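Participant: Predicted structure and sequence below. I'll ask about it afterward.
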Amino acid sequence: MNPLIRPWRHYADFRGRSRRLEYGLFLATFYGVGFGGSRLGHAINASHGIPHSRHLPTFISIPCALFFLAAIVPLVAVTVRRLHDIGVSGWWLMIILCHCSPGRCGYPRGGVSKSIRPRKRYLDLHERKKASRA
């Protein structure tokens, strides 16, 4: 089967393997449509005299957005099958995605661990030193 068409025919098939050619062609198509659609949209906006800073959507943006929405499941499926081909479980994709997601700043929801909190005795000594200096 054609390696360019196979990811679309097996769009929700997470079992099996995908060769480098199939994975590479799918990613090239995915990023090519995104880059080409973006460049074409900017060119159309520029030809109508719309400045780049206004980012008005063009008629090209809607098909590109629909393509990306339609390609999310095949992208994940072909990536999982590629991971299977190199001998790794497909669950590694979830681990990588969760690990690379932005975290929260500050203290954890339950507060700081008791082992990290300063002891009361230390705080009392620290307060006495501050009071004696003042």
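Facilitator: On my side now, so go ahead. No experiment lies behind these values; they were computed from the predicted model shown.
Participant: C-alpha only now, for contacts and for neighbours.
Facilitator: Will do.
Participant: what's the helix or strand for residue 39?
Facilitator: Secondary structure assignment for residue 39, by DSSP states H and E: helix 20-47.
Participant: Would you indicate which residues of that helix are buried?
Facilitator: 22-23, 25-26, 30, 33-34, 37-38, 41-42, 45 (16 or more other CA atoms under 10 Å).
Participant: Of those, which pair is most distant in space?
Facilitator: 22 and 45 (34.3 Å; CA to CA).
Participant: Residue ranges in this protein under the pLDDT threshold?
Facilitator: Applying pLDDT under 70 to the chain flags residues 1, 49-60, 99-134.
Participant: Please enumerate the strands of it.
Facilitator: For the chain, strands defined by DSSP state E do not occur.
Participant: Residue 69: how many residues sit nearby?
Facilitator: 10 (other CA atoms under 10 Å).
Participant: before we move on, back to that, which secondary structure elements does the helix holding residue 39 contact?
Facilitator: Contacts defined by 3 or more CA pairs under 8 Å, 6 or more residues apart in numbering; DSSP states H and E place helix 20-47 against helix 6-9, helix 61-85.
Participant: Run the angle between it and helix 61-85 for me.
Facilitator: 160 degrees (axes from the mean of the first three to the mean of the last three CA atoms, to 10 degrees).
Participant: closest to residue 15 out of the helices and strands packed on helix 20-47?
Facilitator: Nearest to residue 15 among these is helix 61-85 (6.3 Å), distances taken as CA to CA.
Participant: Can you pull the phi and psi angles for residue 88?
Facilitator: Reported as degrees, to the nearest 10, the phi and psi values for residue 88 are phi -120, psi 150.
Participant: mind starting the numbering at 28 from now?
Facilitator: Yep, numbering from 28; the last one is residue 115 now.
Participant: For burial, what's the neighbour tally of it?
Facilitator: 13.
Participant: and what of the one 4 residues further on?
Facilitator: Using other CA under 10 Å, the number of residues around residue 119 comes to 12.
Participant: Please apply the same query to residue 111.
Facilitator: Residue 111 has 19 neighbours, counted by other CA under 10 Å.
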